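Undergrad: what's the 3D shape of this:
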Amino acid sequence: MPKMIHSMIRVKDEAASLTFYEQAFGLTIKQRLDFETFSLIYLANAESTFELELTVNKGREEPYELGNGYGHLAVSVEDVNATHARLTGLGYAPRKIVDFAPAGEIIARFFFIKDPDGYEIEVLQRGGRYL
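TA: From the prediction side, this is the model:
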């Protein structure tokens with residue numbers, strides 16, 4: 001059976017992205033591969049073996065166009081309220097917390113936040129299918 005191992009996004013400002021992902025989600029560099037025109041930076045934390053690969057194209061000045069095909073990355077946290085408050089305190093401006101209850105029963109509690117390049121990240125309360 002295939003195993004999901006990483007997802008890749010292109011980022012313009014390496015330092016801003018590394019700071020955001022470490023402060024927001026505890027992701028640190030697990031491996032860095034530097035090449036003449038680009039770098040690949042693999043981030044992870046102790047919660048999962050899944051990695052986020054940041055691709056930094058050296059010398060790029062303009063922001064990336066995210067297009068209309070990208071949706072979001074998702075992470076689960078023990079305490080969505082505390083995480084929202086912490087990220088707000090860091091100045092990252094997460095959107096409001098949503099209790100998703102399409103049939104009257106809450107099936108997900110979450111908020112969205114954008115990284116420095118505008119990628120959407122869904123932060124879900126851990127539980128149910130969101131472990």
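Undergrad: which ones are touching the residue nearest to residue 117 when sequence neighbours are not counted?
TA: Leaving aside its sequence neighbours, residue 117 sits nearest to residue 11 (C-beta to C-beta, 6 or more residues apart in numbering; 5.2 Å). Using the backbone N, CA and C atoms, a C-beta is placed for each residue, glycine as well. Contact analysis of residue 11 by C-beta atoms under 8 Å, 6 or more residues apart in numbering lists 17, 54, 55, 56, 64, 115, 116, 117.
Undergrad: list the contacts of the last one.
TA: Going back to what we said before, that points to residue 117. 9, 10, 11, 12, 13, 17, 63, 64, 66.
Undergrad: so what are the structural domains in this protein, by residue number?
TA: For the chain, the structural domains run 1-59, 71-131, going by automatic domain parsing.
Undergrad: now those domains as JSON lines including mean pLDDT?
TA: Output for the domains of the chain, formatted as JSON lines (pLDDT from 0 to 100):
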{"stretch": "domain 1-59", "mean pLDDT": "96"}
{"stretch": "domain 71-131", "mean pLDDT": "95"}
